[in-house]
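Novice: take this sequence and fold it.
(2 chains)
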Amino acid sequence: MKIVNLNSKITKALLWLVLLILCLILLKSKEYILSIFISTLIYTGVAVAWDIMGLSGKISFGQAAFFGIGAYTSMILSANGVNLLLALIVGGLVAGFFAITVGIPFLRLRGPYFAIGTLGLANVVYILALVLKKWTRGAAGFALPKSVFINRSFSFYYILILTTVILVALIHYWMCYTKVGVALKAIHDDEDAALSVGVNTIFYELIAFGISALLTGILGAFYALYITYISPSNVFSSSISIGAVAMAVFGGVGTTIGPIIGGIFLSFLSEILRNYVSSNFSLLLYGIAIVGTMLFLPGGLISITFRRTSKRQNQEGANNDARV
Amino acid sequence: MTTAVLNGILIGGVYALLALGLVMIYGVMRIVNLSHGPLVALAGYITFSICSLLKVDPLILLPLIGVLFYGLGILVYKFLLKPVIFKPRIITLILTMGLGYIIQSLILIVWGADYRSILTPYSSRSIIVAGIPVSFIRVILFLLAFFTIALMYIILNRTKMGKVMLACSQSLEGAKIVGINVDKVFEFTNGISFAIIGVAGAMVAMIIVLYPTVGDLFTLKSFCINVLGGLGSVIGIPLGGIILGLVESISSVFLPVMWNNGVAFLVLVLVLLVRPTGIFGRPENL
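Specialist: You can find the predicted model right below:
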């Protein structure tokens, strides 16, 4: 897996194509289609945000924690009359702050430990949401009170989420090219080597973790205000975390376009499955997407456009046997 | 209180067996099997179904489950693990995670989201051991787990295959040089680890209530035990298992029920932060 050089013509073309399609969808205006795409965009956004952390090679399985924190924060704020936009941003900020706090001990972990750790973290946050009934209304869920409910059109939400996701993608793209991105790539390749040349790994990882959480939190906040009802099993659901990983992996980890195409593809498929078969199948779909990708196309869908490198370059990972 | 302590130790034995499957795969093949938890759950659900349909005692099924999962292990190795075993670790990690999700979703599809539990005539009976009442079923399961772990140790240390497995865990290159057929070893290791996981899963199912996402919990606990005892070290596992069992039991006396599972997570995080190599772990295995 590598950070793709976005100067590749194909990738740029793809990005513009996707953008064009998404804008054209708006003109269609059929509410049902818009709502499918809004859901798709939310989860795609989470996938791109996840990938910001994925750049460092540390696979986090707890994305749902940030999503839910953002959702609940914005819900609580909105219920007290706070402006929509402000609630979104504050939701994200709280999630980001939480990530940085938790990240300081957590980011010392590597590979599988980090993965399991984030999994456990998401579980703990879920339990907390159930337990702290005074704020979160517990398992019954939190509905936006009618007094603050403003009726907005689907187009409004669509434009909002599209702008947000474009922002997330831009941040991801931008990060790849700054010092942070380079540091993350170094950490991805070999954390010890990076440390030995003086890269302050914790600092950069915290930045990535925090931004990833912040953006996921904003998306969670959007979800809350869009659906106007949230519950712990909804927003802290592991299928959000799993979906994000599946989408990014399927499309191509470490790239900007990867999670986007992966996200659109898988979200779409899972929506269709949910409507025609059963909602249980989307988890199966994610699992198969992950396993299939790892077996046949480890770089994700986007790796089809990569130039074929010699076999030797692909074997280099095998020699890093002592470390993940 | 002493009941809690004793019960904790007893279930620790079963937990240890659970974790053993995980550590063998890691020790020999250097694969972190994140589908561990869902596999345990699968074993539990299968046991539940067979027991309900055929009205047999689950204990009798244990060998059958073992054989079934051994076959599953061989299949999983041949088709899923072998292609990626020498690629970067991150790929196997994500792959086993994906496999775990597939298993979890299959459980959801086949058995639904309801809670299931296996009940036998002796499920809630308690006996007196040295003047302290303990759960009867836990005593039986502990003895079975103890027996199985002992069996594994004998296999590892006294049989040819076992010694070969240990050799691979120490140095894969060295094993290849002396002519060990690494592929066959991996196949067997995966098979027998899955078998252990299956048996342990069937055992745990007799004590715990089953629901589709219970797999996550088992992965967490097994990891916790591994880290406690030292990843890659087979000696530390029983110790780690018993410690976790104890901590869980004792904490359930003082804390509300919902925190029960969070305890395993807290222990894991604590150990990882304080002493990542565990009690018996070798530093280079981290």
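Novice: whichever helix in chain B runs longest vs chain A: in contact?
Specialist: The longest helix of chain B (DSSP state H) is helix B:2-29. No - using CB under 8 Å from any CB of the partner chain, we find that helix B:2-29 stays clear of chain A, coming within 8.8 Å at best. Backbone N, C-alpha and C define where each C-beta goes, glycine included.
Novice: helix or strand: which one has the nearest residue to B:G198 once chain neighbours are set aside?
Specialist: Leaving aside its sequence neighbours, B:G198 sits nearest to B:F69 (CB to CB, 6 or more residues apart in numbering or on different chains; 3.0 Å). In the assignment (DSSP states H and E), B:F69 maps to helix B:58-76.
Novice: gap between the longest helix of chain B and the chain center?
Specialist: 7 Å (CA atoms, centre = their mean, to the nearest Å).
Novice: now do stretch B:63-77
Specialist: Counting by CA atoms, centre = their mean, stretch B:63-77 comes out at 14 Å from the chain centroid.
Novice: what mean pLDDT would you report for that stretch?
Specialist: Rounded to a whole number, the mean pLDDT of stretch B:63-77 is 91.
Novice: pLDDT of stretch A:118-138, averaged?
Specialist: 80.
Novice: check whether it comes near chain B.
Specialist: Yes - counting by CB under 8 Å from any CB, chain B has neighbours in stretch A:118-138: A:L119, A:G120, A:L121, A:N123, A:V124, A:I127, A:L130, A:V131.
Novice: show me the helices in chain B, by range?
Specialist: Taking DSSP H, the helices of chain B run over residues B:2-29, B:36-54, B:58-76, B:89-111, B:136-158, B:160-170, B:172-177, B:182-205, B:214-229, B:236-254, B:260-274.
Novice: mind telling me which of those helices the model trusts least?
Specialist: Taking the mean pLDDT of the helices of chain B, helix B:260-274 comes last: a mean of 74.
Novice: torsion angles phi and psi at A:L107?
Specialist: Dihedral angles of A:L107 (phi, psi; degrees, to the nearest 10) stand at phi -80, psi 0.
Novice: you'd agree it is up against A:L206?
Specialist: Yes - shown here, A:L107 and A:L206 form a contact pair, counting by CB atoms under 8 Å, at 6.5 Å.
Novice: ok, those two, which is more surrounded?
Specialist: Neighbour count, other CB atoms under 10 Å in any protein chain shown: between A:L107 and A:L206, A:L107 has more, with 24 against 18.
Novice: which residues touch the closest residue to the more buried one other than its chain neighbours?
Specialist: Spatial nearest neighbour of A:L107, excluding adjacent residues (CB to CB, 6+ apart): A:E205 at 4.6 Å. Neighbour list for A:E205: A:S56, A:K58, A:G103, A:L107, A:L184, A:I187 [criterion: CB atoms under 8 Å, 6 or more residues apart in numbering or on different chains].
Novice: please apply the same query to A:G262.
Specialist: A:G262 neighbours (CB under 8 Å, 6+ apart): A:A47, A:A246, A:M247, A:A248, A:V249, A:F250, A:G251, A:G252, A:G300, A:L301.
Novice: which ones among these map onto helices?
Specialist: Within the contacts of A:G262, residues falling in helices by DSSP H are A:A47, A:A246, A:M247, A:A248, A:V249, A:F250, A:G251.
Novice: export the residues you listed to JSON lines and tack on neighbour count?
Specialist: Converted to JSON lines, the ones in helices among the contacts of A:G262 look like this (neighbours: other CB atoms under 10 Å in any protein chain shown):
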{"residue": "A:A47", "neighbour count": "33"}
{"residue": "A:A246", "neighbour count": "31"}
{"residue": "A:M247", "neighbour count": "32"}
{"residue": "A:A248", "neighbour count": "32"}
{"residue": "A:V249", "neighbour count": "36"}
{"residue": "A:F250", "neighbour count": "29"}
{"residue": "A:G251", "neighbour count": "30"}
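Novice: tell me the one of those residues nearest chain B?
Specialist: Of all the ones in helices among the contacts of A:G262, chain B sits closest to A:V249, with 5.9 Å by CB to the nearest CB.
Novice: where does A:Y158 fall, secondary structure wise?
Specialist: Short version, using DSSP H and E: A:Y158 is in helix A:154-177.
Novice: likewise for A:L273?
Specialist: helix A:257-276.
Novice: quick one: buried residues of that helix?
Specialist: A:257-267, A:270-271, A:273 (16 or more other CB atoms under 10 Å in any protein chain shown).
Novice: one more: stretch A:84-101?
Specialist: A:84, A:87-96, A:98-100.
Novice: ok, and does that stretch reach over to chain B?
Specialist: No - Stretch A:84-101 is not in contact with chain B by CB under 8 Å from any CB; minimum separation 13.7 Å.
Novice: local confidence estimate at A:A87?
Specialist: 86.
Novice: for A:I202, see how far away it is.
Specialist: 31 Å (CB to CB, to the nearest Å).
Novice: can you give me the angle the helix holding A:L273 makes with helix A:154-177?
Specialist: For helix A:257-276 against helix A:154-177, the angle by axes from the mean of the first three to the mean of the last three CA atoms, to 10 degrees is 150 degrees.
Novice: now helix A:257-276: average pLDDT?
Specialist: Rounded mean pLDDT across helix A:257-276 is 83.
Novice: list the contacts for A:G103?
Specialist: A:E205, A:L206, A:F209, A:G210.
Novice: from what I can see the last one touches A:A99, true?
Specialist: Put plainly, it is A:G210. Yes - A:G210 lies in contact with A:A99 (CB under 8 Å); the separation is 5.1 Å.
Novice: that older thread, show me what the longest helix of chain B is packed up against.
Specialist: Helix B:2-29 is packed against helix B:36-54, strand B:132-135, helix B:136-158, helix B:160-170, helix B:182-205, helix B:214-229, helix B:236-254, with contacts defined by 3 or more CB pairs under 8 Å, 6 or more residues apart in numbering or on different chains; DSSP states H and E.
Novice: alpha carbons of the last one, in CSV - could you do that?
Specialist: Coordinates of each C-alpha in helix B:236-254 appear next as CSV, following Å, rounded to 0.1, in the frame of the first residue of the first chain:
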residue,chain,number,x,y,z
GLY,B,236,2.2,-17.4,30.4
ILE,B,237,-1.2,-18.2,29.0
PRO,B,238,-2.7,-20.2,31.9
LEU,B,239,-1.4,-17.6,34.3
GLY,B,240,-2.9,-14.8,32.3
GLY,B,241,-6.2,-16.6,31.9
ILE,B,242,-6.5,-17.2,35.6
ILE,B,243,-5.6,-13.6,36.4
LEU,B,244,-8.2,-12.3,34.0
GLY,B,245,-10.8,-14.7,35.4
LEU,B,246,-10.0,-13.5,38.9
VAL,B,247,-10.1,-9.8,38.1
GLU,B,248,-13.4,-10.2,36.3
SER,B,249,-15.0,-12.2,39.1
ILE,B,250,-13.8,-9.9,41.9
SER,B,251,-14.7,-6.7,40.0
SER,B,252,-18.2,-8.0,39.4
VAL,B,253,-18.7,-8.1,43.1
PHE,B,254,-18.0,-4.4,43.4
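Novice: centroid residue for chain A?
Specialist: In chain A, the residue lying closest to the centroid (CA atoms, centre = their mean) is A:V46, at 2.3 Å.
Novice: can you tell me the closest non-neighbouring residue to that residue?
Specialist: In space, A:V46 is closest to A:A244, 4.7 Å off (CB to CB, 6+ apart).
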